[in-house]
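my questions are about this predicted structure, shown below with the sequence.
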Amino acid sequence: MLKERRSQVLIATLALVASICLSSLTFGFPSGADDSSIGYGGCAVGDCHFGVPKEGNATVEMWASSLSVLVDETVTVYINVTSWTLSSNNMIGVFLLRALTAGDTDVPSTDGWRITTDPNSNKHNYVQATVSGPGDVASFRWDLRAPFSSGTYSLFARVHHGGGSTAYWVEDSTGLTFVVEPDVTVLPDLVLMDTFCASESEEGEQIVLYATLFNDYTADLDDIKVGFEIDGVVVAEVANLTVTGKGIRNATATWTSTVGGNFTLNAIIDPQNVIVESDESNNELDFSFLVIEPEPEPVPRFEILGLLLAALFVFIASVAVIGLLRREEDEYEED
Ligand SMILES: [Ca+2]
Ligand SMILES: [Ca+2]
């Protein structure tokens, strides 16, 4: 009796384990997985998206709300999949990818796309869905925010389907190409964060002038000029600078003072105001510095001795000459 009960418990346990295994094998990531942990070749049912010949017969259609968008603008991507080869669970899995060559690293976030809503109301680039049967159209929708940097970007859909006792097939869509433009309704802003140079350099010594620029804008800005003034006089202009979106860079110039004293360095971004900015008041900073006059060279000791001897010689000679003149004068008067 006890033996029979143990056998029943063992059978029940095995059935439970088999059920759990079957469940995980069948459904993989039913709610999708995040960009960093899933790509083809990595799903829960084994190597189901990698190295499989494309022998299935699914049609993957893909379109978007717009192919010309602004940076950070929301884009909706629609995918329809019609598959005639399904697993015993009538399941298909769908990836949204930036390319079809590098598996796990082809996630849209690599290009700066941000998924706001996937078909399962999460933020993943992979989902699985059950369809009612072969030949039915399965529809998917992703909402994404466009990259912050303007440029041309692609998105693709890849599905896997089939399975059970047969292989999984993969099918790809024709990709969509998006042109992402800067948002011109938001003006750029360049900010001068710092300006400085070495203080207490000596007169005649070359001084490097520094300006640190910040581009407080989502896109790169080109053809930027930085002017350097010292005591109100332009001493250098650096042109054709590029600062990447949200990036920082330095501009440098050199200047040499011919006199010592206190000076004021003034650096200005965009001094001729060629670039229209949301804030024109943060482009300029001052920096005070000192240029030192060199100390007079000390006269060597032997030169001092020489000068004293020369002075003594001149004195003695003068006394001798005066004495000679007086004697000649006295002799003349006696005559
Ligand atoms: Ca500015
Ligand atoms: Ca400006």
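Happy to help now that I have it. Ligands and ions are numbered 1, 2, ... in the order given.

tell me the centre residue of this structure?
Gly247 (6.1 Å; CA atoms, centre = their mean).

that one contacts Thr218, doesn't it?
No. Look at Gly247 against Thr218 with CB atoms under 8 Å: they stay out of range, at 10.9 Å. The C-beta positions use only the backbone N, C-alpha and C, and glycine is treated the same way.

still on that earlier bit, how about the residue nearest to the centre of the chain, what does it touch?
Phe214, Asn215, Asp220 (CB atoms under 8 Å, 6 or more residues apart in numbering).

can you rerun that using 7 Å?
Applying CB atoms under 7 Å, 6 or more residues apart in numbering, we find Gly247 in contact with Asn215.

residues contacting stretch 185-192, please?
So stretch 185-192 is in contact with 211, 213-217, 221, 224, 267, 269-270, 275-279, 282-285, going by CB under 7 Å, 6+ apart.

excluding its backbone neighbours, what's nearest the residue of the chain found nearest ligand 1?
Here the residue of the chain nearest ligand 1 is Glu277; by CB to the ion that distance is 4.2 Å. Excluding its sequence neighbours, the residue lying closest to Glu277 (CB to CB, 6 or more residues apart in numbering) is Asp189, at 4.9 Å.

got it, and Lys123?
Distances taken as CB to CB, 6+ apart place Ile115 nearest to Lys123, at 4.7 Å, with adjacent residues excluded.

host element of that neighbour?
strand 114-117 (DSSP states H and E).

so which of the contacts of stretch 185-192 sit within strands?
Under the assignment DSSP state E, these contribute Ala211, Leu213, Phe214, Asn215, Leu221, Ile224, Ala267, Ile269, Glu284, Leu285 to strands.

looking at these, which has the smallest pLDDT value?
Of all the ones in strands among the contacts of stretch 185-192, Leu221 carries the smallest pLDDT score, 93.

for that residue, what are its contacts?
Counted by CB under 7 Å, 6+ apart, Leu221 has contacts Pro188, Leu190, Asn215, Val243.

mind checking which of those residues land in helices?
Judged by DSSP state H, the contacts of Leu221 include no members of helices.

can you narrow the residues you listed to ones near ligand 1?
Leu190 (CB under 5 Å from the ion).

closest one of the contacts of Leu221 to Val233?
Nearest to Val233 out of the contacts of Leu221 is Leu190 (CB to CB; 23.2 Å).

that closest one: how many residues sit nearby?
Applying other CB atoms under 10 Å, we find 23 residues neighbouring Leu190.

I'd like the numbering to begin with 27 instead of 1 from here.
With the count now opening at 27, the last piece we talked about shows up as Leu216.

what's across from it in the sheet?
Asn241 (DSSP bridges).

one more: Leu202?
Assigned bridge partners for Leu202, using DSSP bridges, are Leu181.

one more: Leu96?
On the basis of DSSP bridges, Leu96 is bridged to Glu207.

run through the residues that contact it.
Going by CB under 7 Å, 6+ apart, Leu96 touches Ala172, Glu207, Asp209.

tell me, how many residues neighbour the second one?
For Glu207, the neighbour count with other CB under 10 Å is 14.

what does the first one give?
Other residues lying near Ala172 total 25 when counted by other CB under 10 Å.

quick one on the thing from earlier: per-residue pLDDT of the residue nearest to the centre of the chain, please?
Here the pLDDT value assigned to Gly273 is 95.

can you mark which positions in stretch 333-349 are buried?
Across stretch 333-349, burial judged by 16 or more other CB atoms under 10 Å covers no residue at all.
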